[in-house]
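S.K.: Build me a structure from this.
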Amino acid sequence: MNKIEALKALVDQNCFKTFLVDNEIAVATGCLYPSNGSVTVYVSGGADLCVVSDRGATAHTVEAHGIKVPDIARWLGPICKQNGLRLEGNQITSPAIDVAHVPTLVSLVANTASIAARYALDKYTNEVGVKLIERLYESLVVTFGRRNIAREVEVAGASNRIYHFDFQVGVERDRILFDHVNPHPSSINAKAAAHMDIGRRDDDPSHYLVYDKAAKWNAADIGFLQSLAQMIPVGRVDDVFQHRVQH
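M.R.: The predicted model follows:
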């Protein structure tokens, strides 16, 4: 039995669902990323001392959601430090520990990874949304004129549930509703519910979802949203409505 096999035998005594990957021991944990995927951590070292790491999976997971974190060190550094961990590059890493403490460190690294991912998606998704709303507003001003635009309007769906839309152009039956959406699952789900309910109204007001094509979209998510509302890339709002310009 070589060194890594001996370490795996020790880890297996206290953890479950382990397998070897690139001379490290991968441990599938019960902690979850925002996508509901299991957090997997990696144990490396020998039979005496070892290190537990996420191998950069947390940073990659956030990036896969279409979120660009401007400074990984400012995001992950403080979270690691307050949990007694280290940030090495983009990896959440434990100090070298006695193998007897592996179960505790596996849980700590996995839980830190889960918390960090959720924090990043909450913080940076909101920032991305604000920027997208600003770009949308600028396009609407150019297309329809500032005086014709209402911001943060409340609209009742067919169920009588109230939804908040970013912008409304016009009034009553002539109104057009605009909402932004980003690739984050919570944004997709919230916008889908709102536009599905609005689309079931008897007067069926025109309602659009505006998105950033440069973001990391899943084609299936785009297709799903297109079945509920008309989708427009944020840079093409003025092109789509050019024929309706009446300043």
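
S.K.: so what's residue 198 up against?
M.R.: 155, 157-158, 163, 177, 205, 207 (C-beta atoms under 8 Å, 6 or more residues apart in numbering). To be clear about C-beta, it is placed using only N, CA and C from the backbone, and glycine gets the same treatment.

S.K.: what mean pLDDT would you report for the host helix or strand of it?
M.R.: Using DSSP states H and E, residue 198 sits in helix 185-199. Averaged across helix 185-199, pLDDT comes to 91.

S.K.: tell me the angle the helix ranked longest in the chain makes with helix 185-199.
M.R.: Longest helix in the chain, counting residues (DSSP state H): helix 102-144. Relative orientation of helix 102-144 versus helix 185-199 (axes from the mean of the first three to the mean of the last three C-alpha atoms, to 10 degrees): 40 degrees.

S.K.: same question for helix 102-144, mean pLDDT?
M.R.: 87.

S.K.: so after it, what's the next helix or strand?
M.R.: For helix 102-144, the following helix or strand on the C-terminal side (DSSP H and E) is strand 149-156.

S.K.: buried residues in that following strand?
M.R.: Across strand 149-156, burial judged by 16 or more other C-beta atoms under 10 Å covers 149, 155.

S.K.: which helices and strands sit right next to it?
M.R.: Counting contacts by 3 or more C-beta pairs under 8 Å, 6 or more residues apart in numbering; DSSP states H and E, strand 149-156 is packed against helix 102-144, strand 162-169.

S.K.: ok, residue 204 - how many residues close by?
M.R.: Residue 204 has 11 neighbours, counted by other C-beta atoms under 10 Å.

S.K.: err, residue 209, not the other one
M.R.: For residue 209, the neighbour count with other C-beta under 10 Å is 22.

S.K.: going forward, begin numbering at 28 instead of 1
M.R.: Sure, I'll start numbering at 28, so the last one becomes residue 236.

S.K.: Wait, a strand at it?
M.R.: Yes - counting by DSSP: H, G, I helix; E, B strand; the rest coil, residue 236 is found in a strand.

S.K.: And it, how close does it get to residue 258?
M.R.: Residue 236 sits 5 Å away from residue 258, going by C-beta to C-beta, to the nearest Å.

S.K.: what's the overlap in contacts for these two?
M.R.: Common neighbours of residue 236 and residue 258 (C-beta under 8 Å, 6+ apart) are residue 252.

S.K.: got the contact list for residue 138?
M.R.: residue 58.

S.K.: Distance to residue 62 added to the helices and strands packed on strand 176-183, as JSON lines?
M.R.: Formatted as JSON lines, the helices and strands packed on strand 176-183 follow (distance: least, C-beta to C-beta, whole Å):
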{"stretch": "helix 129-171", "distance to residue 62": "9"}
{"stretch": "strand 189-196", "distance to residue 62": "25"}
